[in-house]
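Student: Give me coordinates for this.
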Amino acid sequence: MAKPLTLEKILFSQGFGTRRYCSDLVYADLVKVNGVLAEDPEEKMVPENLLLTVDGQDWEFHEKAYIAFNKPTGYECSHKTSHHPSIYGLLPQPLVERGIQCVGRLDYDTTGLILMSDDGQFIHKMTTPKKNIGKIYQITTSEPISTKQMDHLLGGVVLDDDPAPCFAKACEQLGDHLLAMTIVEGRYHQVKRMMAAVGNHVAGLHRTTIGDYVMPDDLAEGEWRWLYQEDLAQLGKSIPG
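Tutor: This is a model prediction of the structure:
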C-alpha cells in the first residue's frame, strides 16, 4: 500500500499549483475527496484510487501520468512553437504543470495517436531506436498506390541525407489512395520522404497505433484519456527485453 500523504502534497503532485496555493484551494472549499468536501490540507490519506474534485473539475490521482492523445491537424508537439499553436494548450493545466511530455512527436499537419507522460524512464523506453517499436500510419496519397511502390517500401528506400535505407516493416493497401504502413524508425519527416522516394505524395497522414496499443475508436480529435495498467501492460509487450 502506498504511503499516506497530506492532501496538500497530493494536490501539489497532481499539478494544481504550489503547495501554498493547494492549501488555499482547500481552505476556499474548492476541493472534494471522493465526493466529500475537504477541510484540512494537512489531513493524511492514502492517495491510491482517490477521486479529487478541484474547483468543480474531477481528477483521478495518478502517481505518474500516462495518457493517450488524439492530435488534430494544425498543432505542434512543442511548448515553444514556431508557426502553429501547441498541443499542450489542448490539455488540462494540471497535466502541463506537472511536466508531461510527448513520447515522440508528430508533424503539425499529421493527426492521430500520441502518448504523453511525466515518467522519464517510460519516455526513454518508448522512444529509443534500440527497441524498434512499430508505429502504424494511415497514409492518404495523391496518386494511386501500386504494388511496385509497396514492394519498394518493403525492400527499402534511400533518403537524401542518409545512405542507409529506410524500410517499411509492413504495408497494407486499404484503398486506391490509402495505405497502412508500419515503420520502426523515427527519422525527420520519414513517412513523407519515403513516399516521395517511391514516386508518390502524402496528402494526409494519421497515426493509429504505437506498438501493440491501438488508439480507441471513441477518442475524438483533440481529446485525451488516461492509460491504465492494462494499457501499459499492452505497451509493455511492444518493448523487447
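Student: Quick check, central residue of this protein?
Tutor: Centroid-nearest residue in the chain: L115, 1.8 Å away (criterion: Cα atoms, centre = their mean).
Student: right, and that one touches K71 too?
Tutor: No - counting by Cβ atoms under 8 Å, L115 does not reach K71; the two are 10.9 Å apart. C-beta coordinates here come from the backbone N, C-alpha and C atoms, glycine included.
Student: neighbours of Y27, just the number please.
Tutor: Neighbour count for Y27, taken as other Cβ atoms under 10 Å: 12.
Student: where's the residue nearest to the centre of the chain, which helix or strand?
Tutor: Per DSSP states H and E: L115 is located in strand 111-117.
Student: Using CSV, write out every CA atom in the following helix or strand past that strand.
Tutor: Using DSSP H and E, the helix or strand that follows strand 111-117 in sequence is helix 120-127. Output of helix 120-127 as CSV, limited to C-alpha atoms (Å, rounded to 0.1, in the frame of the first residue of the first chain):
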residue,chain,number,x,y,z
GLY,A,120,11.2,9.9,-18.0
GLN,A,121,12.1,6.2,-18.0
PHE,A,122,8.9,5.3,-19.8
ILE,A,123,9.6,8.0,-22.4
HIS,A,124,13.1,6.7,-23.0
LYS,A,125,11.9,3.1,-23.3
MET,A,126,9.3,4.0,-25.8
THR,A,127,11.5,6.3,-28.0
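Student: List the buried residues in helix 120-127.
Tutor: Buried residues in helix 120-127, defined by neighbour count with 16 or more other Cβ atoms under 10 Å: 122-123, 125-126.
Student: quick revisit: so what does the strand holding L115 touch, helix or strand wise?
Tutor: With contacts defined as 3 or more Cβ pairs under 8 Å, 6 or more residues apart in numbering; DSSP states H and E, the packing partners of strand 111-117 are strand 66-71, strand 101-102, strand 202-210.
Student: Could you look over those strands and pick the most buried one?
Tutor: With neighbours defined as mean count of other Cβ atoms under 10 Å, those peak in mean count at strand 66-71, which reaches a mean of 22.
Student: can you map out the helices along this structure?
Tutor: For the chain, applying DSSP state H gives helices covering 7-13, 19-27, 93-97, 120-127, 147-155, 190-197, 229-236.
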